[in-house]
Structure formats: structure tokens, C-alpha cells
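Colleague: pasting the structure only:
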């Protein structure tokens, strides 16, 4: 079964990657629109989440319109990620722009580059976070992931991702490799920070939710600068990756509590959601008891 699933997936990926990116994006939007009509479970999750966060600010028709566009965006981004994974930096250049990267530490002769931790989220085509080094080749992009239970699909996913040049570390089994990379310097590591995870209860869009401490803990442990980054959709098959302002990890010469750092991180991610509500991953149950 794994053999069949793997080669079926390879054929599907090859088909998608043979098409122009704008075609792929349009097909993805169409698939998302179909999912809005047929996938009642995820439609309900989207509407419940949006109503929880914007029910007092927006009307029911406005919330439904955001939800419908959200499913279209998810379809567009997922299919586009398959295509962009096979594209070189030159091929991607007309479709992606980076802003704020001048905030990153600059190289200096004879001095190793500081590592950087970037708290990222499920915004836009979030697989493009792995391409930070296209705009700042003095850094090496890295991130962590959790292996899929289906080995065939996990293999396909990693084959796609490895083409980006980004370093990937499986969270449960490759901790040693991550530590070795962080000890070398010159790493910009993106950590997804917008899913329900054990850590602390922190406010997000007006409601407390479980929030992982990984960005704060890693930044403190390896003395890294900490930022947030958001992938915004500019137009069909075009995205902008914006690096936000630095989040302080120390105050008055002492380490800040991780919980305080995480609350500030959540505020930055919340601002990005409010800026373009349809751009975020509303199908995830972010607020759990």
C-alpha cells in the first residue's frame, strides 16, 4: 500500500509541477471553493473560530465571506507550495518578495553570524519561509517538523521540502542534529508558533489558548535574536514575506520570562491575522480547553 501511495503521490506532484504557477494557484482556489461546499466539518470549524474571534465586530455574512475566501486561499497555497518547491530562486523572484530582512544581524569580518529564531505561522504559502536564504544567502534556513504517520506521504513531503536547501529536523528524533547546527551559527530557524501546544496559556485574538514555548526557549538557550515573520498573499500566486520587529529576550540585563516573550509574540501574530483574516489557517482548532 505504501508503494502504491508513494508513486500515486509522485505522479500527482509531477503533474502539478508541470503547470505554470498561476494555473496551479487557480486550480487550488477552485478546489478550496469546492471544499467549502462539500467539507461540512471544516466549514463548521472555520465559522466557529471566526465567530469566536470576530463575532462582535463582523456580521454573519462578513464572517461567511471570510471563511469562504479562507478555504480558497488554503487550496491555492497548498497546491502552490507543491509547485514553488520545485522552483529556483530566479524562477520564484517574480512571485515572492522579502521585507524587513535588513533587521537581521549583518555579517562582519572574522565574526560568526548570530543565530536567529523566527516565530512563524500558517499564513499564506507558509512553505516559502524555507526560502529566507534566497534573500539572505549569508544565513542558512532551518526548521523543525513532525513526521507524518503515513511513511509514503512523509517521504514525499520531505523530498519536496529538501529541494529548498533548508535544513529540516524531526522534532522527536533529530534533536542532536538541531543542537549541532545551532552551535555553528549563521542559522535562521523558523518555528511554527500558532497551533495549540503544551506550554503556557496566553491570549490570542481575545481568548486564552495553549501556546508552545519553543521560540522563546530556543532563543534564550542559544542566545539568539527573536523575530516574527508573516507570509502575506499579495495577489494570485504572489506573496510577501515580512520580518517583524525584534522581540526582546532580555530586560535590564536579565532573561525575560518565556511566558512574557510568548505573549508578545502572540500579539504580533494576532496583528497579522487582523490585517488579513482570510490569510490564516482557520481550520485548526486553536482554542482548546
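Modeller: Noted; the coordinates are in hand. This one's a predicted model, so the numbers in the text were calculated from it and none came from an experiment.
Colleague: ok, the nearest residue to residue 107 once chain neighbours are set aside to residue 116 distance?
Modeller: What sits nearest to residue 107 in space, not counting adjacent residues and going by C-beta to C-beta, 6 or more residues apart in numbering, is residue 138, at 5.0 Å. (Each C-beta comes from the backbone N, C-alpha and C, glycine too.) For residue 138, the distance to residue 116 (C-beta to C-beta, to the nearest Å) stands at 11 Å.
Colleague: just so I have it, where are all the helices in the chain?
Modeller: Using DSSP state H, the helices found in the chain span residues 2-17, 21-38, 40-54, 60-84, 89-92, 132-135, 151-162, 175-184, 214-221, 258-275.
Colleague: looking at the ones you listed, which has the lowest confidence?
Modeller: Least confidently modelled of the helices of the chain is helix 151-162, at a mean of 79 by mean pLDDT.
Colleague: quick one: buried residues of that one?
Modeller: In terms of neighbour count (16 or more other C-beta atoms under 10 Å), helix 151-162 has its buried residues at 152, 154, 155, 156, 157, 160, 161.
Colleague: what does it contact?
Modeller: Helix 151-162 is contacted by residues 2-3, 5-6, 9-10, 13, 81-82, 85-86, 127, 130, 145, 147-148, 168 when judged by C-beta atoms under 8 Å, 6 or more residues apart in numbering.
Colleague: how does it look with 6 Å?
Modeller: Helix 151-162 has contacts (C-beta atoms under 6 Å, 6 or more residues apart in numbering) with 2, 5, 6, 9, 85, 147, 148, 168.
Colleague: Same question for stretch 276-289.
Modeller: Contacts to stretch 276-289, defined as C-beta under 6 Å, 6+ apart, come from residues 42, 45-46, 49, 66, 69-70, 73, 122-124, 196, 207, 209, 233, 273.
Colleague: and if you look at stretch 58-74?
Modeller: With C-beta under 6 Å, 6+ apart as the criterion, stretch 58-74 contacts 29, 32, 33, 35, 36, 46, 47, 50, 51, 277, 278, 282.
Colleague: Repeat the analysis, applying 8 Å as the threshold.
Modeller: Taking C-beta under 8 Å, 6+ apart as the rule, stretch 58-74 contacts 28-29, 32-33, 35-36, 39, 42-43, 46-47, 50-51, 54-55, 124, 233, 277-283.
Colleague: Quick one, which of these are buried?
Modeller: Neighbour counting by 16+ other C-beta under 10 Å classes 28-29, 32, 35-36, 42-43, 46-47, 50, 54, 124, 233, 277-283 among the contacts of stretch 58-74 as buried.
Colleague: What is the neighbour count of the closest residue in space to residue 121 that isn't next to it in sequence?
Modeller: Using C-beta to C-beta, 6+ apart and skipping the chain neighbours, the partner closest in space to residue 121 is residue 194 (3.5 Å). Using other C-beta atoms under 10 Å, residue 194 has 25 neighbouring residues.
Colleague: from memory residue 194 sits against residue 269, does it?
Modeller: Yes. The pair residue 194 / residue 269 is scored as a contact, 5.6 Å apart, by C-beta atoms under 8 Å.
Colleague: Any chance you could list residues touching both of those two?
Modeller: Shared contacts of residue 194 and residue 269, defined by C-beta under 8 Å, 6+ apart, comprise residue 121.
Colleague: can you tell me which two in the contacts of stretch 276-289 are farthest apart?
Modeller: 207 and 233 (25.0 Å; C-beta to C-beta).
Colleague: next one: phi and psi at the residue nearest to residue 107?
Modeller: Dihedral angles of residue 138 (phi, psi; degrees, to the nearest 10) stand at phi -70, psi -10.
Colleague: how far out from the middle of the chain is stretch 59-68?
Modeller: Here stretch 59-68 is found 24 Å from its chain centre; the criterion is C-alpha atoms, centre = their mean, to the nearest Å.
Colleague: To residue 237, which of the helices of the chain lies closest?
Modeller: Proximity to residue 237 (C-beta to C-beta) singles out helix 21-38 among the helices of the chain, at 4.0 Å.
Colleague: Just want the angle from that closest one to helix 60-84.
Modeller: Calculated by axes from the mean of the first three to the mean of the last three C-alpha atoms, to 10 degrees, helix 21-38 forms an angle of 140 degrees with helix 60-84.
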